[in-house]
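>>> Provided below for reference: sequence and predicted model.
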Amino acid sequence: MINTYQTSLPPPPPVPPRLSRPGPVLIPAPALSHSYSKSLIRFLVGLVLLHLLLSLGGFIYLYHTSRTEKLPTGKTAFLSSEGNSHKAMARMIVKPPSHEPTDKLTGKPALGYLQWNMGHSVLRNINYYHTNWLTVLQPGDYYVYARVTFSRWNPKLPLACRVKLRSSEKGVERDVMKAYCSLQANSSSPCTATQAEVITLEARSQLSVWVQDLSLVDYDEEATTFGMYKL
């Protein structure tokens, strides 16, 4: 037999090994120095503290401003009208009479003007005259309000209050506002006459509150009050 599996040709060269794909080369980022890290931390802490201080200062300023601009209520200290740049305003606290208000000649209930406690009222750029009248220093439009509460009734007289105006201390008086309320006989519930109006006033104009019977008024400072402010 002839051997067909043998040949005189040289064997083929071996297959070269397959080269692997090179992986990415990672270059480490340069590390921050220790001193640079401390400086950065200090800067950030200082920035936060500065922000807190500015926020606290702004809060204190806004709080002080709101307290200054807010109109006081209740028993407050008297503020002089001199040297005050705020807009003209007044909030008057009623002053109880020292004795039962009656007419000395007839003995009948006395009519007249309400008096104001100047030690607890508030005035800004407005003066007062004889504890009854408010004197305007700045001309302009004013919002004027009055609230008078009556705790008793009189069967012959209406429960009325009037805001009176005169051009000066010697000027002729006239009514600029009127208000009424009613009480039932022997009623224990008070009634309140409230009035408000925008009035154009000149310098030296004076305003006051007049009632028909001073003995019927409730002299609690929250029940009876009078005031104005410049628009």
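Great, that's in hand. From a predicted model like this one, the values you see are computed outputs, not experimental measurements.

>>> low-confidence ranges in this structure?
1-36, 59, 61-85, 99-110, 185-187 (pLDDT under 70).

>>> helices of that one, residue ranges please.
For the chain, applying DSSP state H gives helices covering 34-69.

>>> need the strands for it, in chain order.
Counting by DSSP state E, the chain has these strands, from start to end: 89-93, 112-113, 122-124, 126-129, 133-136, 140-150, 159-166, 174-181, 191-201, 206-211, 225-230.

>>> pull the CA atoms of the fifth one into CSV?
Taking only C-alpha atoms (Å, rounded to 0.1, in the frame of the first residue of the first chain), the coordinates of strand 133-136 have been written out as CSV:
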residue,chain,number,x,y,z
TRP,A,133,-58.5,120.1,71.6
LEU,A,134,-55.9,118.7,69.1
THR,A,135,-54.1,121.3,67.1
VAL,A,136,-52.9,120.5,63.6
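
>>> in its sheet, what does it sit against?
Applying DSSP bridges, strand 133-136 is found paired with strand 126-129 (antiparallel), strand 206-211 (antiparallel).

>>> and the ones you listed, which is most packed in?
strand 206-211 (a mean of 23; mean count of other C-beta atoms under 10 Å). (C-beta placed from N, C-alpha, C; glycine too.)

>>> can you add distance to Ser55 and give the strands of the chain back as CSV?
As requested, the strands of the chain are exported to CSV (distance: least, C-beta to C-beta, whole Å):
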stretch, distance to Ser55
strand 89-93, 32
strand 112-113, 51
strand 122-124, 32
strand 126-129, 38
strand 133-136, 42
strand 140-150, 36
strand 159-166, 47
strand 174-181, 47
strand 191-201, 40
strand 206-211, 45
strand 225-230, 33
